[in-house]
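[1] Give me a 3D structure for the following:
(one chain, ligands or ions: 2)
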Amino acid sequence: TQSTRPQRILGAVQQNATRGDPRSVVRAIDQYCRNQEWAMNVGDEKGCILDSVVSEVNPATVLELGTYCGYSTVRIASLLPPHAKLITLEFNPEFAVIARQVIAWAGLEDKIQLVEGASGDLIPKMKEQFGVETFDLVFLDHWKDRYLPDTKLMEECGLLRKGSVLLADNVICPGTPEYLEFVRSSPRYESQYFKSHLEYTKVEDGLEKSVFLG
Ligand SMILES: O=C(NC/C=C/[C@H]1O[C@@H](n2cnc3cncnc32)[C@H](O)[C@@H]1O)c1cc([N+](=O)[O-])cc(O)c1O
Ligand SMILES: [Mg+2]
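    Ligands and ions are numbered 1, 2, ... in the order given. Okay, the predicted model is just below:
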């Protein structure tokens, strides 16, 4: 039977990456998606900006919205200090199955908790079910029309504290106009745009970093 793109991405990891070596997993996915078939991973160019923000924030708690195959999950977790935790939400069970295997190949199961379900349902349960107080860093990379409602939901649920950093992918392509307008005009956020390119292409895209001011 025909394989799916996520299955082929997992195959590229298992063939080309070294078990327990997260950076080799990231490299294997980038090489596959650049040379064989495009996929919606944040990619290496925006990934370097992601790395610098993760290193600067040095977060103890991270929330990722939209796991897909686990590329950015592994990329972020590989930079976290010991005992830091990353929770990643994915509602497509087929993608979750692949992402769990990518995360396992990287040897990062202890740092990453992949939760299957919709962000709108899971965000209100974060404190009670996952023992989270607040998130130091949130990476938004799920459906683009969910960025704004989920940000408001995180505020309402008390999951953001003064200094929490939101980092949003694709604010230009495919684009998140309502979210961008909100974080750039709200007095409760200090926003900064990092110009880059859509993964594996020359099309403009970028990341928006927004610090919650409390
Ligand atoms: O559409 C894009 N991303 C959507 C990502 C979606 C991923 O997040 C999950 N999800 C969605 N809402 C969810 C709510 N809760 C949990 N998981 C959820 C989906 O099951 C999928 O795994 C995209 C598109 C392009 N592009 O060039 O077209 C480039 C990119 O970098 C992109 O990120
Ligand atoms: Mg993206």
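
[2] since we're on residue 195, how many residues are nearby?
    Residue 195 has 10 neighbours, counted by other CB atoms under 10 Å. For the C-beta atoms, the positions are set from N, CA and C on the backbone; glycine is no exception.

[3] pretty sure it contacts residue 171?
    No. With contact defined as CB atoms under 8 Å, residue 195 does not count as touching residue 171 (10.1 Å).

[4] and for these two, which residues touch both?
    residue 206 (CB atoms under 8 Å, 6 or more residues apart in numbering).

[5] List the residues that contact the closest residue to ligand 1 within the chain.
    Per CB to the nearest ligand atom, residue 66 is where the chain lies closest to ligand 1, at 2.9 Å. Going by CB under 8 Å, 6+ apart, residue 66 touches 89-90, 119, 140-143.

[6] Could you give the backbone dihedrals for residue 206?
    Residue 206 adopts backbone torsions of phi -170, psi 170, taken as degrees, to the nearest 10.

[7] Make sure it is actually in contact with residue 192.
    No. In this structure residue 206 lies outside contact range of residue 192 using CB under 8 Å: 10.2 Å.

[8] pLDDT score for residue 203?
    At residue 203, the model reports a pLDDT of 95.

[9] Could you give the separation of the helix or strand of the chain with the lowest mean pLDDT from the chain centroid?
    None of the helices or strands of the chain scores lower by mean pLDDT, DSSP states H and E than helix 126-130, at a mean of 93. Relative to its chain's centre, helix 126-130 lies at 19 Å (CA atoms, centre = their mean, to the nearest Å).

[10] contact partners of the very next helix or strand once past it?
    Next along the chain after helix 126-130, taking DSSP states H and E as the criterion, comes strand 137-140. The contact list for strand 137-140, computed with CB under 8 Å, 6+ apart, reads 50, 53-54, 57, 59, 61-66, 72, 76, 147, 150-151, 154, 160, 164-169, 179.

[11] repeat that for 6 Å
    57, 59, 62-65, 147, 165-168 (CB atoms under 6 Å, 6 or more residues apart in numbering).

[12] interface residues of the protein facing ligand 2?
    Within the chain, the residues that sit near ligand 2 (CB under 5 Å from the ion) are 141, 169-170.

[13] if you set the cut-off to 8 Å instead, what comes out?
    40-42, 66, 141, 169-170, 199 (CB under 8 Å from the ion).

[14] Could you work out the most separated pair of those?
    66 and 199 (13.7 Å; CB to CB).
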